[in-house]
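just the structure for this:
(4 chains, ligands or ions: 4)
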Amino acid sequence: MRLDPPAALQAPTRRPAAAPKFSEWRAFWPLLALALILLVDAFISPGFFTIRLVEGRLYGSLIDILYRGAPTAVVALGMAVVIGARGIDLSVGAVIAIAGAVMTELIHAGMSAPAVLLATLLVSLICGLWNGALVALLDIQPIIATLILMVAGRGVAQMIDAGTIVTFRSDFFSAISTGRLGPAPSRIVVAAAVYALTWAAMRRTALGLFVESVGANAEASRLTGIDAKFVTISTYLISGVAAGIAGVLITSDIRGSDANNAGLWMELDAILAVVLGGASLNGGRVYIFNTLIGVLIIQSLTTSILVSGLPPEYNLIVKAIVVFLCLLLQARPVRQAVSGMIWAKRT
Amino acid sequence: MQTAKVELIGISKNFPGVVALDNVDIAFQPGEVHALLGENGAGKSTLIKIMTGALSRDAGAVLINGKPVELDSPAAAQAVGIGAVYQEVNLIPSLSVAANLTLERQPRRFGFISWRKAAEDARVALKRLDVSIDVERPLGSYSLAIQHLVAIARALREDTQVLVLDEPTASLDAREVERLFAILRDLKARGLAIVFITHFLDQVYQIADRITVLRNGRRVGAGPTSALPQVELVSLMLGHELQAVEERRPPAEAKAEGEPVLSVKELGAKRVMAPFDLELRAGDVLGLAGLLGSGRTETAKLVFGASAADSGAIRVDGKPVSIRSPRQAIRLGIGFCPEDRKREGLMLELTVRENIILALQTKRGWLRLLSAAEQEKIASDMIRALGIATPDADKPVGQLSGGNQQKVILARWLVSNPRVLILDEPTRGIDVGAHAEIVALIRRLCAEGMALLVASSELDEIVAFSTRVAVLRDRRKVAEISGAKIERDDIVQAIAAP
Amino acid sequence: MGEEDMNERYMPLAATIVVFLAIYAFGAAAYNNFLSTLVFGDLLTDNAFVIIAAIGATFVILSGGIDLSVGSMIGFVSVAMAALDAQGWHPLLSALLLVSFGAVFGGAMGALIDACDIQPFILTLAAMFLLRGLCFVITLDSLPINHPFVAAFSDWRIPLPGDGRLSASALLMLAALAAGIVLAHFTRFGANVYAIGGDRNSARLMGAPIRRTMIQVYGLGGFYGALAGVAYAFYTGSGYPLAAVGVELDAIAAVVLGGTLLTGGVGYVAGTLFGGLIQGTIQTLITFDGRLTSWWTKIVIGALLFFFITAQRSIMRSTALMRHPA
Amino acid sequence: AQTIGFSQVGSESDWRTAFSADMKAEAEKRGIKLQFSDAQQKEENQLKAVRSFIAQKVDAIIIAPVVVTGWDQVLKEAQAAKIPVFIADRAVESDPSLFVTRIAADFNLEGRLAGAWLAQASKGNCNIVELQGTVGSAPAIERKKGFEAVISLFPNMKIVKSQSGNFTTSGGKEVMESFIKATDGLKDVCAVWAHNDNMMLGAIQAMKEAGLKPGKDVLTVSVDGVPDIFKAMLAGESDASVELKSDIGKYIYDVVQGYLKGKHDYPKWVLIPSDLHTPADAAEMLKKKGG
Ligand SMILES: Nc1ncnc2c1ncn2[C@@H]1O[C@H](COP(=O)(O)OP(=O)(O)OP(=O)(O)O)[C@@H](O)[C@H]1O
Ligand SMILES: Nc1ncnc2c1ncn2[C@@H]1O[C@H](COP(=O)(O)OP(=O)(O)OP(=O)(O)O)[C@@H](O)[C@H]1O
Ligand SMILES: [Mg+2]
Ligand SMILES: [Mg+2]
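Ligands and ions are numbered 1, 2, ... in the order given. The predicted structure is shown next:
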């Protein structure tokens, strides 16, 4: 079908308003927050930015941030997708514990490492399916639907481990987590691969568009022919598998499954990262790169606190204040004031 | 009654990338209906949002009775007697009708709300508009038109001195419009200043005393209605003369022939729609006419599978099919452009481009994403073809003006190129220029072999493009008029017949 | 027809009550001594502080927001009560101070949420960290509250037939509930909360005072949170920096089990009482059973939560079907 | 048969789980009907559990409290219902007449033992990094106090870095990694002191990954005596751990059953001994723990 633009319908021309400024670039404000935190580090800990090669491996606090942030980054990415479709997944911490327990038990059962990995991811996929089914098929509100697995899942993990920390030896899993690929810690490589894959799924297929569409307006999406249930379930599947991968990383890291503590309260950090990256919990947008920035903000904060020598009873207060400042920095009135100042200086 | 005169002086408003208003002066006198006209995106809604405290302005002043006032919230505007009905229904669907009507002015006893009295007040307020509905049901359970009437009833509170109505008649049919106008005349006589935005020029001449025309955010003309003949008005709005509107007859309706693309037998749902039959051939435009609540929207939704039918059979190309969800309908080549764009049509956070390609993309499935270049092209083609006023295709659609949003939904379904297209109130809120073009478009689509089912409250429009008209009354199809016989009066008669 | 629709609006509430009665009946049938005023009185007493917090959370959720700081607020208030007690303050005086603090703190959160357009989930998460952090700054140990008034408060009770009793905590909770019901359903503030939760932008355009209501809602949430903290401090006679970790989730679950929609605008304050009692009854049942290991306890809690939510939904669905056969 | 209600803290650590399992096994052995309740680390759940026990009219109640405070009211209710209450593990701060006795080890003593061992091993010259338990938890507070009480006697011993590893292996590992960076590879650090073995196991991994030799370059001392720490000792990576016995069911039931039989003269604290283990007896301990 061709539509010739009739003269009467030419888009009206207007005097263009001021060109958009750099500060409207979405990643600007989260990046600014990250930069500020790192700047403070430069003062409190002089060696913070040194990166050396130790035994062929990159070594330094900055690498630690990436390295320690990897599991959270993976979980937060899955969370970003769920939130994009206007959901939320509180169960990721429990799924991490389940993945760790399953993995450990299977290693002890003598299964080959790649098979263990596959089976573990399959179990976390099933966890995601459970969440997705509750939300999409039974129509239970996401917070509550995933709260069920949050509570029960950790119990399941403990049951699998019989309540103890089960340790194991596995070169394969050590390589995945604490090993290195070239000079880069393999965890960072794993996280990067997960990001690349998710980016491809979200931006190189229409899934991302459908997720955002369902998040923005589920009823309109249904009327546009989107299978909203399928889309919703697939977001929880992605989040489940992401948590499973994080579970593998965390469990491999300590070479043991700690069902009580693995991934405890990780869901809050993940949600925090997504929001610090600028996304709205009301859905409609999945920001992949920005989520990573959010994770780096949180992790560099944690690492800075550890490096700074602050007594631990102040950890939470510092975290609260920094999060709060990041939020303020991203709040519209403050943004306008700040960019107004920058603008005024430049003109 | 104390009456107020509202003056807006030098109002400017910028949005990122758009100058919505540029130094606009306007004054609203008591005892006058003042029509605010202009193309889609001209800045009408923005102007009244500034005047009612819903938006902040970048420059200019608002004066009431000569005194500057700072209206920083709608509550502040209401406090000085400005009542408004905005373009989109801005009420709360989850609350009861009574709660909506009485919000912030609930009758209280000893400081506590008396809900019984509130319901009573609500019934009285609705009675003025001739609406009698159960005021304790949630507002969202009523049709868009009823919701609009409730919004109007809400704005008509006793202490209102300035009444602002942004396209109040867009979803009303002739009977309701008459009723509303009678009330407006009464209010005018009592000295209210009334601001009235519409795209129906005949309504302007029926009711307005004075006209102001906006174009591209500037005031381009103003004066008493009597001094502005329609042709002049239109060219003021558009910036040039409207091309001669084509003859108001569908092209040789003989085109519609062959096997029906879509045929519906005894389709119905209890309490919603009595079973009905429909047939659509390639080249057909079947108009759905009826009064408010007669079941036009429900008919459309049943055919599209958006509401569940409990009886009946549908055939596509003669083959029996089952349509139980919009997805299935779309797979069979049916498209549906809903009436309530805010709730059922748009993804407000998504960009214009994404909103436009969405239906086409769902048709292709999630694996075969349209490339960025294809998306760009489709979107910019449609933006040009329908004259969607937006600085670029990557603007969130929520930032477009109402009429332009409507065009985006139309564009979405046009690019998906269905064989059967169902349009529910397709021209709601669309300006004169675009209106003529959309009517022409419907006729062209039908000439190209698409089958259309169009529900509309505008009889003239239905007459202009339909090859056949189905008339509905009380959730039942009561007549079908076809061929050269389609005349406005026939339809009116069929609607009115007992 | 009007009456029928009225009933329909109360359906979620009715379903919650039915589910609660069912589980209670199950407990009575399965365990000795379960059906006694003692157990029922304890149920009210032991869950009083969670339910008080949940009433505040109901308002916040009805307004379309969420408050994750209540657990920390309870912890903070209990610790501050204990610290002030050590300074020789009368518990009622410190309670008054802290409840006002809660209201002001909540109000400030509401103001920020509205003025800076920060998402409530995240702002209250930061507040949760902050309040918990403040607990640690005050003390790392758990501190007793030695003032005799606290002991007298816990000892005071209305005896019920049987060996049960209605404690002062339970009465405080019931009073807080009654106040909540009146506020929600019979004041303009309450109506505005529902309106904002239904559609904030529309509510603004309808002239509802958004800023003020947001401040009031979160202020009320903070007030109830702090009141829950006072109840907790009286209940345990002490302050403990790790007290009530995760209670925000219990409170939210109570609200949702009570039939309130997390998306805002729909629900009843009274439902929250039953939501809270359902959670409490689950706990009691598990203790009465006494055979579950730690992990089975978690699994069973999750399973029962699932069971309740689906039971509540199917009750609602089937009655809706009976009314409007498809 | 006797019915005994037992309110357990939760299942937050290996040690706790082993304790719960031992209580159940021992009860079965003795023909006791144990009503077990897991409080998920929440005091309010424990209060609910105790009230349920009272309503169920059990013969005795054992509480392993989450916190020391807040018990007066329920203890009074139990007393009114004539049910004797025994406290296990952590202490309670309340009127001693409200419970029969406490059967427990001494966290403070554990800290002192660890400090004393370290003072001896380092000859009173040592810069220490500390991995604390969960902020605000009783063992973390008491172990820290005990440890500091000892090292304060030695002018050349001091804690140079201290952070919380939340009693978890991964927490211990992460904190240790940052300590290694902050002290430039543990330069001038002579020992790591962790409030539990799990954190120490994480710290050992971190040190190994940074190319350090735990147990040789740096001394390690921790608390709990879990099997894995003995394995680490055998591998030469750990130096000392203070055992916190988990098979304490027998101590507890002896007292409870003794009391129910009429022996009422128990002291208010029946101490369960703690002792320190080193690589010297690691193999033996490992065998005993069945690891
Ligand atoms: N919130 C917003 N953000 C950005 N741009 C906006 C916003 N609201 C309106 N605009 C822009 O301002 C211009 C004027 O819009 P307005 O809604 O006032 O038009 P209108 O005259 O009411 O049109 P219509 O007849 O279609 O309702 C449009 O170009 C629109 O895209
Ligand atoms: N005058 C009225 N009185 C009571 N209810 C009405 C009235 N008008 C419409 N309704 C309600 O509107 C609902 C929708 O009807 P429907 O949308 O199918 O009709 P329609 O012909 O498309 O009308 P509309 O012009 O509102 O789109 C019905 O459920 C009915 O309850
Ligand atoms: Mg408009
Ligand atoms: Mg309609």
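
give me the number of residues near the nearest residue to residue A:64 once chain neighbours are set aside?
Counting by Cβ to Cβ, 6 or more residues apart in numbering or on different chains, residue A:303 is the residue found nearest to residue A:64 once chain neighbours are left out, at 5.6 Å. No exception for glycine: its C-beta is placed from N, CA and C like everyone else's. The number of residues packed near residue A:303 is 27, by other Cβ atoms under 10 Å in any protein chain shown.

tell me who's in contact with residue A:303.
A:61, A:64, A:65, A:68, D:178 (Cβ atoms under 8 Å, 6 or more residues apart in numbering or on different chains).

same thing with residue C:182?
Counting by Cβ under 8 Å, 6+ apart, residue C:182 has contacts residue B:112.

again, only this time at 10 Å
Neighbour list for residue C:182: B:112, C:190, C:269 [criterion: Cβ atoms under 10 Å, 6 or more residues apart in numbering or on different chains].

can I assume residue C:36 is in contact with residue C:28?
Yes: judged on Cβ atoms under 10 Å, residue C:36 makes contact with residue C:28 at a distance of 9.0 Å.

got the buried residues for stretch B:150-162?
Using 16 or more other Cβ atoms under 10 Å in any protein chain shown as the test for burial, stretch B:150-162 gives B:150, B:151, B:152, B:153, B:154, B:155, B:156, B:160, B:161, B:162.

is that stretch anywhere near chain C?
Yes: residues of stretch B:150-162 contacting chain C under Cβ under 10 Å from any Cβ of the partner chain: B:151, B:154, B:155.

quick one: end-to-end length of that stretch, please.
18 Å (Cα to Cα, to the nearest Å).

which non-adjacent residue is nearest the residue in the stretch 201-326 of chain C that ligand 3 sits nearest to?
Nearest to ligand 3, among the residues of the stretch 201-326 of chain C, is residue C:205, at 13.8 Å (Cβ to the ion). Nearest non-adjacent residue to residue C:205, counting by Cβ to Cβ, 6+ apart: residue B:90, 4.3 Å away.

same check, this time on residue D:199
Leaving aside its sequence neighbours, residue D:199 sits nearest to residue D:172 (Cβ to Cβ, 6+ apart; 3.0 Å).

my read is that the one you found contacts residue D:204, right?
Yes: counting by Cβ under 10 Å, residue D:172 touches residue D:204, with 8.6 Å between them.

residue C:166: what secondary structure?
Three-state assignment for residue C:166 (DSSP: H, G, I helix; E, B strand; the rest coil): strand.

what pairs with it across the strands?
residue C:158 (DSSP bridges).

that one: neighbouring residues, count only.
Neighbourhood size, residue C:166 [other Cβ under 10 Å]: 18.

residue contacts, the residue most central in space within chain D?
Residue closest to the average C-alpha location in chain D (Cα atoms, centre = their mean): residue D:244, at 5.5 Å. Residue D:244 makes contacts with D:13, D:15, D:18-19, D:89, D:105-107, D:110, D:139, D:196-197, D:223-226, D:272, D:274, as judged by Cβ under 10 Å, 6+ apart.

alpha carbons of stretch B:446-453, as CSV, please.
C-alpha atoms of stretch B:446-453 as CSV (Å, rounded to 0.1, in the frame of the first residue of the first chain):
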residue,chain,number,x,y,z
CYS,B,446,-11.6,0.0,0.1
ALA,B,447,-10.9,0.7,-3.6
GLU,B,448,-7.6,-1.2,-3.2
GLY,B,449,-9.6,-4.2,-2.0
MET,B,450,-9.4,-4.1,1.8
ALA,B,451,-12.6,-4.8,3.7
LEU,B,452,-13.4,-2.3,6.5
LEU,B,453,-15.7,-2.3,9.4
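
the residue of the stretch 201-326 of chain C closest to ligand 3 reaches residue B:83, doesn't it?
No: under the criterion of Cβ under 10 Å, residue C:205 makes no contact with residue B:83, lying 11.2 Å away.

how about the helices of the chain, start to end?
Since you didn't name a chain, this refers to chain A. A:28-44, A:61-84, A:92-108, A:113-132, A:142-161, A:171-177, A:186-203, A:207-216, A:218-223, A:228-254, A:266-276, A:288-308, A:315-330, A:332-346 (DSSP state H).

other chain: chain D
Ranges of helices within chain D are D:14-30, D:43-56, D:72-80, D:107-121, D:138-151, D:169-182, D:197-209, D:227-234, D:249-261, D:279-288, based on DSSP H.

out of those helices, nearest to residue B:128?
helix D:43-56 (56.4 Å; Cβ to Cβ).
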